[in-house]
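**Student:** predicted model follows, preceded by the sequence.
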Amino acid sequence: MASEVSSKKELSFGETVDIVNALSPLLILSNGGGAEVAVSPTMQARVLTSTASGRSGRGFGWVNLDLITSRKRLDHFNPYGGEDRIWLGPEGGQYSVFFAPGTTFDLENWYVPGPLDVEPFDVVEQSASSVKMRKHFRQQNYSGTKFEVGLDRTIRMVAPERAAAAISAEMVHGLSAVAFESHNVLTNRGDTAWTREGGLLSVWNIGQFDASPTTTIVVPFRPGSEAELGVPINTDYFAEIPPDRLRIFDKVGCFKGDSHYRSKIGVNPKRATGILGSYDALHQVLTIVEHSLGAPGAEYVNAEWKVQEHPYAGDVANCYNDGPPTPGAAQLGAFYELESSSPAAALKPGESMEHTHRTLHLQGDKGRLDAVARAALGLSIAEIENALRS
């Protein structure tokens, strides 16, 4: 079955839902119009995909049907895909929850915690347009600190004009649109406080979307001097990024989302605006992600794969483009990611931290998309299309 699925270049939202539903039940949220969102409690409460045009419309999430239909369980990470899944940070460093104590920071020793990779969440509330799911588990970090973790995750549909602060109902009128948010609550369910010295957790939302040769990721940032605010875009993750794949302008960075070169960028707390975006020129799809920002001075966990001098000097938002990890090696898939993180959670017993991650897809007339792109991302559609052309 997996090979048959792979041979189809593009499946509709409904076709994808039917294939997954036969193996793992999905919840379909709807606003009563053409917008629908497919949620999987079984696959860690993720939004798997969405559509602006009903069952026959395009699905916007990258979905790894080969893996899902194979029913296999991979050792390190099961990349099922999805437009909004929840992980916990930090990924690397002495407080990492992806590496066991005493191991080296490399792919051989990197494992996604089971509750965030293969275990289901419980459904606790449901309506036609929203669902609340919950998970309780224990987790140990690289330094040996043990956590009793509670995660409450509510997925709800929102009106497109309320999905981003900079846009209005008039702007999205005439466009096909779907918008949803995840409201994530992290709770210390243990009897000891979570401290900086023992390591802190954070909520980490990751959205995976279908890559294309004409997709450009757009990252607005706050302008100002590097001495005061740090670098506009952090590239200290994987390999060096060639200039034809990342260009940094006065208030925005543009980054390729073609899944041909493994690379990642980030935005620090002083630069972050709470907005990320992308434009797929081939399908005329504009995607906007709006997420929570911590209070001024909030600390964010550092994801770098090494023992860190500054473990709470991490980024708020990240964008990732998949590709072969080494020349000729297999890659995870044809996707790119738009990600956001909460501040580090220094929680006393019973305390919680909240983080919201909101996703909007718009498809249709270029002129109408242009008005939204200018308002939300600070660039016209033409500027986005031309940003990475040589």
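**Tutor:** It's in.

**Student:** tell me, how many residues neighbour Leu48?
**Tutor:** 28 (other Cβ atoms under 10 Å). For every residue, glycine as well, the C-beta is placed using N, CA and C.

**Student:** and it, what element?
**Tutor:** strand 46-51 (DSSP states H and E).

**Student:** buried residues in that strand, which are they?
**Tutor:** Arg46, Val47, Leu48, Thr49, Ser50, Thr51 (16 or more other Cβ atoms under 10 Å).

**Student:** now flag whichever of the residues you listed is closest to Asn21.
**Tutor:** Closest to Asn21 out of the buried residues of strand 46-51 is Leu48 (10.1 Å), distances taken as Cβ to Cβ.

**Student:** Pro165 against Leu293, yeah?
**Tutor:** Residue 165: Ala, not Pro. No: look at Ala165 against Leu293 with Cβ atoms under 8 Å: they stay out of range, at 11.7 Å.

**Student:** and these two? which has more neighbours close in?
**Tutor:** Leu293 (18 against 10).

**Student:** surely that one and Ala272 touch.
**Tutor:** Yes: using Cβ under 8 Å, Leu293 makes contact with Ala272 at a distance of 6.1 Å.

**Student:** got any residues that touch both of those two?
**Tutor:** Here Leu293 and Ala272 share the contacting residues Val316, scored by Cβ atoms under 8 Å, 6 or more residues apart in numbering.

**Student:** one step back: closest one to Arg189 out of the buried residues of strand 46-51, please.
**Tutor:** Nearest to Arg189 among these, with distances taken as Cβ to Cβ, is Arg46, at 21.9 Å.

**Student:** name whatever forms a beta bridge with the closest one.
**Tutor:** Beta-bridge partners of Arg46, counted by DSSP bridges, are Ser40.

**Student:** and the gap between it and Gly82?
**Tutor:** Per Cβ to Cβ, to the nearest Å, Arg46 is found 4 Å from Gly82.

**Student:** any shared contact partners between those two?
**Tutor:** Ser40.

**Student:** give me the contact list for the strand holding Leu48.
**Tutor:** Against strand 46-51 from outside (Cβ under 8 Å, 6+ apart): 12-13, 16-17, 20, 26, 34-40, 57-61, 63, 80-86, 155, 178, 180, 182, 359, 361.

**Student:** show me where pLDDT drops low in the chain?
**Tutor:** Within the chain, the segments meeting pLDDT under 70 span 1-9, 390.

**Student:** and the residue of it most remote from its centre, how far is that from Arg73?
**Tutor:** The C-alpha centroid of the chain is most remote from Asp191, which lies 31.0 Å away (Cα atoms, centre = their mean). Distance of Asp191 to Arg73, given as Cβ to Cβ: 33 Å.

**Student:** check Gly34 too.
**Tutor:** Applying Cβ to Cβ to Gly34 and Arg73 gives a distance of 35 Å.

**Student:** the two - which one has more neighbours?
**Tutor:** Higher neighbour count among Gly34 and Arg73: Gly34, with 17 against 9, using other Cβ under 10 Å.

**Student:** ramachandran coordinates for the more buried one?
**Tutor:** Backbone geometry at Gly34, expressed as degrees, to the nearest 10, gives phi -80, psi -10.

**Student:** again with Gly89
**Tutor:** The phi/psi pair for Gly89 (degrees, to the nearest 10) is phi -100, psi 170.

**Student:** give me the neighbour count for it.
**Tutor:** Applying other Cβ under 10 Å, I find that Gly89 has 26 neighbouring residues.

**Student:** equivalent analysis for Glu170, please.
**Tutor:** So Glu170, with other Cβ under 10 Å, has 10 neighbours.

**Student:** any idea which element it lies in?
**Tutor:** helix 169-172.

**Student:** longest helix in the protein, by number of residues?
**Tutor:** helix 366-377 (DSSP state H).

**Student:** after that one, next one along is what?
**Tutor:** In N-to-C order, the element after helix 366-377 by DSSP H and E is helix 381-386.

**Student:** now that following helix: buried residues?
**Tutor:** Buried-residue list, helix 381-386, by 16+ other Cβ under 10 Å: Ile381, Glu383, Ile384, Glu385.

**Student:** find the nearest non-adjacent residue to the first one, please.
**Tutor:** Which is Ile381. Asp370 (4.4 Å; Cβ to Cβ, 6 or more residues apart in numbering).
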